[in-house]
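1. Model the following, please.
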Amino acid sequence: MRSQATIAWPAPMFAAGGRFASTHLRGLLGLAVGLAAIVAMGGALSRPSPSSLSTSVTGDAVLAARARPLLSGALDRVSIAVVDGTTITYANFGATQDTDYEIGSTTKTFTGLLLADAIERGEVTADTRLGALLPLAGAPVADVTLAELASHRAGLSAQGMQLDETIPFLVRLQMHRNPFEHDRDGVLAIARKATLTTRGEFVYSNLGTALLGHALASMAHRDYVTLVQQRLLIPLGMSATTLPLTAKDLRTDAPTGYSADGAGEAPWTVNGWGPAGGGRSTPADMARFARALLDGSAPSMDALMPQWDIIQGAQQIGYAWQTQRYKGHLVTFKTGLTGGFTSKIALDRDSDRAVIVLSNTVAQVDDATNRLLVPDLL
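-> You can find the predicted model right below:
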């Protein structure tokens, strides 16, 4: 996760916070660094070559020709959907409009919409405290509001983990395995030990959005997957969008994702972290999502309203959705990044236009998305 113009899921960021008060903690840190170095060294000896963009193209040939020179880096399969008024155009490299991709932190937009919808229904308020909805036993995080969680202003670090919890996380990450294995109870256990720093300032947190999703589900007496299906995916006709809890829940044709250096990544079926980044979707479903956002038929559009600064005067955030000016256009967007996939959805609401780019490698697609969104730059 990065607190820059591109905010993505979930390049891990860890903050130990304060001094390490014991030799034990210093030893754990040294062990984590040592293990990561050993695993990285082993991976370097057997590292495959980075992939290149597929030459197999489906969809609109004109859009594909425009997009190809914009797609740089180690790419393999890439899908693009352009929503322009009522017209939807696709271009796919090595894929189709029904190819399944991990969308990572783009899932956070689902959770943000669910919060705005729950407020509109009168079920919660923006100032409802987390501890009123989840069993957090008086932990510091129990005091934060739902709005603070949705806008990354709760003071939580990226994963909120203690130092000893980061060791298996780091090792799994270095081994190209899914590091987000905790179920809902495991996420709550992490939250009960989490500390808050710089509350009120923007600090990107997967833990915060995961807790928000579970709080909304608890309020509705459902689990998060059921909640997002009933209130968002089914009403919008997004039947191909899923939130698999474990690898057993994956589609049989789910593609492999790849790191920037070409290593195959295990699927990130992130279980209890699902509200922060567990979604999988297709270009066709994401185009349906974008169309609903543009025409206002998605649940409670208040989630898209920019309310707080990320970068003063340059970028703002609402409930998970970010906004910034690009070549004179106000762009509302969200990016996603897992171990092997990248995604971005960008809306130019004034022009009734949106672009979605999905990739099964971690090469960035931000520039391509922006330039396809604003046609006068092509």
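2. which residues does residue 64 contact?
-> Residues near residue 64 by CB atoms under 8 Å, 6 or more residues apart in numbering: 57, 80, 91, 92, 93. No exception for glycine: its C-beta is placed from N, CA and C like everyone else's.
3. Only the buried residues of the helix or strand hosting it, if you could.
-> Secondary structure from DSSP states H and E places residue 64 in helix 61-67. For helix 61-67, the neighbour count (16 or more other CB atoms under 10 Å) marks 63, 64, 66, 67 as buried.
4. got it, and stretch 307-320?
-> Buried positions in stretch 307-320, judged by neighbour count with 16+ other CB under 10 Å: 310, 315, 316, 317, 318, 319, 320.
5. doesn't the third one fall inside a strand?
-> Yes. Assessed by DSSP: H, G, I helix; E, B strand; the rest coil, residue 316 belongs to a strand.
6. wait, isn't it in contact with residue 331?
-> No. Between residue 316 and residue 331 there is no contact under CB atoms under 8 Å: 11.2 Å.
7. Counting by contacts, list what the longest strand along the chain packs against.
-> Across the chain, the strand with the greatest residue count (assigned by DSSP state E) is strand 329-337. Judged by 3 or more CB pairs under 8 Å, 6 or more residues apart in numbering; DSSP states H and E, the packing partners of strand 329-337 are strand 101-104, strand 322-326, strand 342-348, helix 366-373.
8. Just after the shortest one, pick out the following helix or strand.
-> Going down the chain from strand 101-104, the next helix or strand is helix 108-120, by DSSP H and E.
9. avg pLDDT for that following helix?
-> If you average the pLDDT over helix 108-120, you get 98.
10. Tell me which other helices or strands it touches.
-> Identification of packing neighbours for helix 108-120 by 3+ CB pairs under 8 Å, 6+ apart yields helix 146-150, helix 206-219, helix 224-228, helix 274-277.
11. picking that back up, of all the contacts of residue 64, which two lie farthest apart?
-> 57 and 80 (10.8 Å; CB to CB).
12. Find residues that contact each of those two.
-> Each of 64, 91, 92 lies in contact with both residue 57 and residue 80 under the rule CB under 8 Å, 6+ apart.
13. okay, these in JSON lines with pLDDT and distance to residue 158 next?
-> Formatted as JSON lines, those follow (pLDDT from 0 to 100; distance: CB to CB, whole Å):
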{"residue": "64", "pLDDT": "97", "distance to residue 158": "36"}
{"residue": "91", "pLDDT": "98", "distance to residue 158": "34"}
{"residue": "92", "pLDDT": "98", "distance to residue 158": "32"}
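14. can you put these in a markdown table and add distance to residue 171?
-> Formatted as a markdown table, those follow (distance: CB to CB, whole Å):
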| residue | distance to residue 171 |
| --- | --- |
| 64 | 40 |
| 91 | 38 |
| 92 | 35 |
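15. From those residues, pick the one nearest residue 327.
-> Looking across those and measuring by CB to CB, the closest to residue 327 is residue 91, at 21.7 Å.
16. Three-state assignment for that closest one, please.
-> Residue 91 ends up strand, using three-state DSSP.
17. Any idea what it is bridged to?
-> residue 59, residue 80 (DSSP bridges).
18. OK, contacts around it?
-> For residue 91, the contact set (CB under 8 Å, 6+ apart) comprises 57, 58, 59, 60, 61, 63, 64, 67, 79, 80.
19. And the furthest pair within these?
-> Farthest-apart pair in those is 61 and 79; separation 14.9 Å (CB to CB).
20. The most centrally placed residue in the chain and residue 316, how far apart?
-> Geometric centre of the chain, nearest residue: residue 105, 0.3 Å, by CA atoms, centre = their mean. Going from residue 105 to residue 316 by CB to CB, to the nearest Å gives 17 Å.
21. do the same with residue 102
-> 27 Å.
22. What of residue 154?
-> 17 Å.
23. do the same with residue 159
-> 24 Å.
24. Just the C-alphas of the helix or strand harbouring residue 189, formatted as CSV.
-> Element membership of residue 189 [criterion: DSSP H and E] is helix 184-193. Provided in CSV are the C-alpha atoms of helix 184-193 (Å, rounded to 0.1, in the frame of the first residue of the first chain):
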residue,chain,number,x,y,z
ARG,A,184,-12.6,-13.3,10.5
ASP,A,185,-11.7,-14.3,14.1
GLY,A,186,-8.0,-14.1,13.2
VAL,A,187,-8.5,-10.5,11.9
LEU,A,188,-10.3,-9.6,15.1
ALA,A,189,-7.5,-11.0,17.2
ILE,A,190,-5.0,-8.8,15.3
ALA,A,191,-7.3,-5.8,15.8
ARG,A,192,-7.5,-6.3,19.6
LYS,A,193,-3.7,-5.9,19.8
